[in-house]
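A.B. asks: return a 3D structure for these sequence lines:
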Amino acid sequence: MEPQKPPPRPRQPEGCLVVAVRLPVRIVVLVLVVPVRMLWDAGVVAGRVLRDTVLRPVGRALLWLGRALFVWPLVALWRYLLVPLGTALGLLGRVLLVVPAVWLYRWVLTPVGHALAWAARGIGAGIAWLVLGIGAGLALLYTRVLTPIGHGLVWVLRGVAMVLGALGAGVYAVVAWLVRHLVVVPAVWLWTWVLAPVGRAVAWCVRGVVRVLGMAVTGIGLVLYWIARVLFVLPALALWRWVLVPVGRFLAVVAREVGAALGHAWRIAGRISLAVGRFLATVLRWIVVEPLRWVYRGVLTPVGHLVRDAVLRPAAKAARGAGRAVREALASARESARQARADFRRMLFGDPGKSEAVARREPDGHDTRTLERSTTALTKD
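C.D. replies: Residues are numbered from 1 along each chain as shown. Prediction:
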């Protein structure tokens, strides 16, 4: 199912101000926009022609040049130098380092390690036996000597602590009674009968002063509020309501109409620019392209065919014949050089011995096995 389109909004009635502003604004904007649109279209066409005729070929040439200067040399360097060199270095490292290291680990370090481990186990067993003996002696010393001494010290310290505790309790009781009757009782009497009444009187005075100051500040703030309201807020409100809002609405109408006029003018200017461009293209075609095409077809093509048939093809044929003669001469020279080398080797080392014929187990060409014959390589004489 096709999605339902929302119903069009009802068009609001336009006032006389909008109608009076729209027509002159559209005329002025059209006059101003047409040259800009034509320049824009001319720039677009020029840019496309520049892109297709200059930038793309130059970019492709630069891409090919970059490949030829950087990519292909790097690939060749990697493929024909670094990879073989790395392989050779890996093989050399394996022969010079890995194999000796494996041999050293297997036949030297492993036996030495086993011997050291056996010695370490023996030494560890001796040290453990020694430690166990020392531990047994220390346990006996702790059980038979240190424990009775500790019990005696604990009993003595407990008695001293009990005596010191009794003395401390008596001293604490005396000090507490002195502090209570010399400090706490006088301080409570001073707070109850002197400081508390004085503090209440001071607090009442402060509250009265704060209340009077609050009333004064409230009255001054109310006066300042009405002065600011009358001198600033009401004039600003009147300016906003009776001046800025109407002016803003007028400017909004003008801006909306200017935007709509710019859209219409841009589309109309596009059609005008398209018509002018087609006219200029037609004129250019009949003035330049068609004569050039006629010259190419009627003059240059026959001349080119004549040059091709009368000059280029015979020259190419002669060049091919010369190349063929040069190749034959080079082939004969190579054959002569090969024959001379063979004669020189024969002169120095003599004729090579002919290889003796070896009896074949396979039948000859005329004695091969067929479907009508039972002779095979195993049953033939």
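A.B. asks: okay, now the unreliable bits of the protein?
C.D. replies: 1-22, 350-381 (pLDDT under 70).
A.B. asks: now the spatially most central residue of it: how far from L251?
C.D. replies: For the chain, V71 is the residue whose C-alpha lies nearest the centre (Cα atoms, centre = their mean; 23.8 Å). Separation of V71 from L251 (Cβ to Cβ, to the nearest Å): 61 Å. The C-beta positions use only the backbone N, C-alpha and C, and glycine is treated the same way.
A.B. asks: what of A115?
C.D. replies: From A115 over to L251 the distance is 102 Å, taken as Cβ to Cβ.
A.B. asks: what do you get for V179?
C.D. replies: For V179 relative to L251 (Cβ to Cβ), the value is 87 Å.
A.B. asks: before we move on, what about W286?
C.D. replies: Noted for W286: a distance of 51 Å to L251, by Cβ to Cβ.
A.B. asks: tell me the contacts of L231?
C.D. replies: Neighbour list for L231: empty [criterion: Cβ atoms under 8 Å, 6 or more residues apart in numbering].
A.B. asks: any residues touching stretch 40-50, and which ones?
C.D. replies: 270, 273-274, 277.
A.B. asks: what subset of those residues is buried?
C.D. replies: The neighbour count (16 or more other Cβ atoms under 10 Å) marks 270, 273 as buried among those.
A.B. asks: redo the contacts of stretch 40-50 as a markdown table? Include secondary structure and distance to Y296.
C.D. replies: Below are those laid out as a markdown table (DSSP: H, G, I helix; E, B strand; the rest coil; distance: Cβ to Cβ, whole Å):
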| residue | secondary structure | distance to Y296 |
| --- | --- | --- |
| G270 | helix | 35 |
| S273 | helix | 31 |
| L274 | helix | 29 |
| G277 | helix | 25 |
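A.B. asks: who's in contact with V289?
C.D. replies: V289 neighbours (Cβ under 8 Å, 6+ apart): none.
A.B. asks: what kind of secondary structure is it in?
C.D. replies: At V289 the chain is in helix, as set by DSSP: H, G, I helix; E, B strand; the rest coil.
A.B. asks: quick one, strands of the stretch 101-250 of the chain?
C.D. replies: Taking DSSP state E, counting those that start in this stretch as the criterion, the stretch 101-250 of the chain contains no strands.
A.B. asks: which residues of it fall in helices?
C.D. replies: 110-141, 147-179, 185-190, 196-228, 234-239, 245-284 (DSSP state H, counting those that start in this stretch).
A.B. asks: ok so, going back, nearest to R79 among the contacts of stretch 40-50?
C.D. replies: Ranked by distance to R79 (Cβ to Cβ), the contacts of stretch 40-50 are led by G277 at 53.6 Å.
A.B. asks: wait, what's in contact with the closest one?
C.D. replies: Shown in contact with G277 (Cβ under 8 Å, 6+ apart): 41, 45.
A.B. asks: could we number from 40 for the rest of this?
C.D. replies: Happy to do that; since the first residue is 40 now, the last one works out to G316.
A.B. asks: for R332, see how far away it is.
C.D. replies: 21 Å.
A.B. asks: what's downstream of the helix or strand where G105 lies, the next helix or strand?
C.D. replies: Assigned by DSSP states H and E, G105 belongs to helix 95-105. Heading C-terminal from helix 95-105, the first helix or strand you meet, by DSSP H and E, is helix 111-116.
A.B. asks: list the helices and strands that next one packs on?
C.D. replies: Using 3 or more Cβ pairs under 8 Å, 6 or more residues apart in numbering; DSSP states H and E, no helix or strand is in contact with helix 111-116.
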